[in-house]
Structure formats: C-alpha cells, structure tokens
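Participant: fold the following, please.
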Amino acid sequence: MTKETVKQFAIRSTKESAELERRTVPAGHVRSERVERFLAERRQRG
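Facilitator: Residues are numbered from 1 along each chain as shown. Model prediction:
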C-alpha cells in the first residue's frame with residue numbers, strides 16, 4: 001500500500017465516522033484563526 005492510499009483511506013474513514021456520530025461540519029463553515037493555527041502546528045509536527 002502506498003502512503004497516498006493510506007492517506008485516502010484515513011480521510012474516508014474519518015469522514016464516515018463523523019457522519020455516523022452526527023458531527024459533520026456544515027457547508028460554508030469557516031474555522032477560527034485559533035483553530036487554523038492549532039492545525040498548522042499539528043501538521044508541522046507530522
């Protein structure tokens with residue numbers, strides 16, 4: 001399995017789990033600046 005395949009599987013799985021738990025993000029939702037910074041820091045860590 002390639003890294004890209006694993007990444008796509010994780011994305012799909014996360015989305016489906018969110019839908020099952022009724023915690024999907026509404027269309028048009030904009031994240032706050034604080035959340036964007038938090039996510040950027042997490043991405044940098046790997």
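Participant: Arg22 - how many residues pack around it?
Facilitator: Using other Cβ atoms under 10 Å, Arg22 is surrounded by 6 other residues. In this view, the C-beta of every residue, glycine as well, is placed from N, C-alpha and C.
Participant: so it, which of the three states?
Facilitator: The three-state label given to Arg22 by DSSP: H, G, I helix; E, B strand; the rest coil is coil.
Participant: residues contacting it?
Facilitator: Going by Cβ atoms under 8 Å, 6 or more residues apart in numbering, Arg22 touches no other residue.
Participant: phi and psi next, for it.
Facilitator: phi 50, psi 50 (degrees, to the nearest 10).
Participant: please report how far Lys3 lies from Ala10.
Facilitator: With the distance defined as Cβ to Cβ, to the nearest Å, Lys3 ends up 11 Å from Ala10.
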